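Colleague: Here is my input; please provide its structure:
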Amino acid sequence: MNKCVTYTYIIILIIIADVYCSDKQHTPDDDDINFDTIVKELETLVDEDDVESIDEEGFQNVVSQLEELVATDHDIPPPIQTPIPPTHTQQPSKEPHYIPTKEHKPSHLDIRQPIQILKRPTKESKESSTEPTKEPTTQEPQLITRPIQILRRPTQPEQSKEPPTQEDSKEPIQQPPQEPTQQTTQHTTEPAGLEPETIPVEVGSEEEEEGGDDEPPQEPSEPTEIIMTTKTLTFMKMNDEGKLVKMHLRDFLIKYINSSKTRYRLKANLEQLIYDDIIIFEHKPENKYCTSLTHYKSRNVFILISPDGYYLVEYCKSSWKVKFENFAKSLNVYTQDSEGKEIQLTEQYYEIKINDRPLIHYRFNSDANCTKIIHKKIIVWEKSNDEDHPLALSIGSDKKIKIFFKDYVKVLIRYHGKYLELSIIKATYKT
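Modeller: Just a heads-up that it's a prediction; the model follows:
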């Protein structure tokens, strides 16, 4: 009866101790503590039992039964420590493994919690894992898959600026074949990385723009026909025997020349002007000899100046035409004597200058006292009581006449058979 009570208490204490130990974190020293506690409690219970004494053999049986009960309850074999041979591999271990550091006694409760190890792929970990291995790797080298952009130039290709790796030095990088470029309107093809800049070039001839400066005003004529190109220009004169001969270089002087016109000063008497083996001008005995000649190359127009006026020679209607403007006969200027009678002024009262525009300029002497101007039998101007005497006048091919006074210029134009005052310009005439 007493044995049953004793066993009952022992079992209750074991259960209580088991529950108490399960609430704590297991350590290697807990097995020794639990075992000593159980033994001490058993000895205490045995000492307190004064009614019945247990012999030594019975006590040993109880202790052996308790050990078998504890071992059967947990059924945890003691860990076997086995040596782990070193492994030679390149691949790092993927699963964590537990290696016991010291030998510990078995206990009634062994609680193991899984430990999660976070691995960060760093360069040091890779080097540390591959240090112990000395065997040559069997893994084939991999080619670089990222694209490499190579800029090509006409002279020599540009080398890659990236440092070569160990794997790249073993095998050359294979590049995909490039398709041949097709030639388009551009002469050169630049790579995508470079932005060619296209510069437009406009090619023209030097003869497209010829001088149009100081060209004579165009007379009303028919539509322009084929313009003859300049080949030869010949000046003819009379020799001592009365025969026509070519002028020598000393017989004329080139005063001005450019791409648009050439101006000549004639020292000898010009009898004929031959252009491309065609006589385009011939002097008449009743007229005065020309003193200068201007050739406008762009329109093949010639202007010859004489003391009486000018000659306009141009190509019109498949032939050369000559127009003569005689200012000595077409222009008449008058003054009044003391009795109020009109007297025509002669060349001794004015000075005539003619240029190749063509333009004729009359400059009056101080004693001329011009009172009336008539051009081609049409009155241009007549002095009034509140006006002064004119100082000069000019007549151009545009049919405009300018009369110069001391402080202003009066401009008149021919319209429907009479001259009308067009404008008055304030200006000081310089004598």
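Colleague: going forward, measure contacts between C-alpha atoms and count neighbours the same way
Modeller: Noted.
Colleague: could you pull out the strands for the stretch 301-431 of the chain?
Modeller: 301-306, 309-316, 319-326, 331-336, 342-344, 350-355, 359-364, 372-375, 378-382, 392-396, 400-404, 408-415, 418-426 (DSSP state E, counting those that start in this stretch).
Colleague: and the ones you listed, which is most packed in?
Modeller: The highest average neighbour count among the strands of the stretch 301-431 of the chain, using mean count of other C-alpha atoms under 10 Å, belongs to strand 301-306 at a mean of 23.
Colleague: name the helices or strands packed onto that one?
Modeller: If you count contacts as 3 or more C-alpha pairs under 8 Å, 6 or more residues apart in numbering; DSSP states H and E, strand 301-306 packs onto strand 292-296, strand 309-316.
Colleague: Just send the ones you listed back as CSV, with distance to residue 282 and mean pLDDT too.
Modeller: Putting the helices and strands packed on strand 301-306 into CSV (distance: least, C-alpha to C-alpha, whole Å; pLDDT from 0 to 100) gives the following:
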stretch, distance to residue 282, mean pLDDT
strand 292-296, 13, 92
strand 309-316, 11, 89
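Colleague: Would you convert those strands into JSON lines that also reports distance to residue 338?
Modeller: Compiled in JSON lines, the helices and strands packed on strand 301-306 are given as follows (distance: least, C-alpha to C-alpha, whole Å):
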{"stretch": "strand 292-296", "distance to residue 338": "41"}
{"stretch": "strand 309-316", "distance to residue 338": "32"}
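Colleague: Looking at the ones you listed, which is nearest to residue 236?
Modeller: Evaluated with C-alpha to C-alpha, the helices and strands packed on strand 301-306 place strand 292-296 nearest to residue 236, the distance being 13.3 Å.
Colleague: Okay, now the sheet partners of the closest one, with direction.
Modeller: According to DSSP bridges, strand 292-296 forms sheet pairs with strand 261-266 (antiparallel), strand 301-306 (antiparallel).
Colleague: Pairing partners for the next helix-or-strand element following the first one, with directions?
Modeller: Pointing back at strand 261-266 there. Remark: after strand 261-266, the chain's next helix or strand is strand 272-275, criterion DSSP states H and E. Next to strand 272-275 in the sheet, as set by DSSP bridges, lie strand 233-238 (antiparallel), strand 278-282 (antiparallel).
Colleague: Which strands border the helix or strand following the longest one, and is each parallel or antiparallel?
Modeller: If you walk from strand 233-238 toward the C-terminus, the next helix or strand you reach (DSSP H and E) is strand 244-246. In its sheet, strand 244-246 lies beside strand 233-238 (antiparallel), with partners assigned from DSSP bridges.
Colleague: would you turn the strands paired with strand 292-296 into CSV with distance to residue 383?
Modeller: CSV is the format used below for the strands paired with strand 292-296 (distance: least, C-alpha to C-alpha, whole Å):
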stretch, distance to residue 383
strand 261-266, 39
strand 301-306, 30
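Colleague: May I ask you to confirm that residue 313 is in contact with residue 301?
Modeller: Yes. Counting by C-alpha atoms under 8 Å, residue 301 is a contact partner of residue 313 at 5.9 Å.
Colleague: what's the nearest residue to residue 392 if we skip its chain neighbours?
Modeller: Excluding the flanking residues, the one nearest residue 392 by C-alpha to C-alpha, 6 or more residues apart in numbering is residue 363, at 4.5 Å.
Colleague: what's the answer for residue 366, then?
Modeller: For residue 366, ignoring the flanking residues on the chain, the nearest one in space by C-alpha to C-alpha, 6+ apart is residue 391 at 7.9 Å.
Colleague: low-scoring stretches of the stretch 151-300 of the chain, by residue?
Modeller: 151-231 (pLDDT under 70).
Colleague: cutoff 90 now
Modeller: Applying pLDDT under 90 to the stretch 151-300 of the chain flags the ranges 151-232, 242, 259-261, 276-277, 286-287, 296-300.
Colleague: For the top helix by length along the chain, name the packing helices and strands.
Modeller: Ranked by number of residues, the top helix in the chain under DSSP state H is helix 2-22. Applying 3+ C-alpha pairs under 8 Å, 6+ apart, one finds that helix 2-22 contacts helix 30-48.
Colleague: what is the mean pLDDT for the helix it packs on?
Modeller: Averaging pLDDT along helix 30-48 gives 61.
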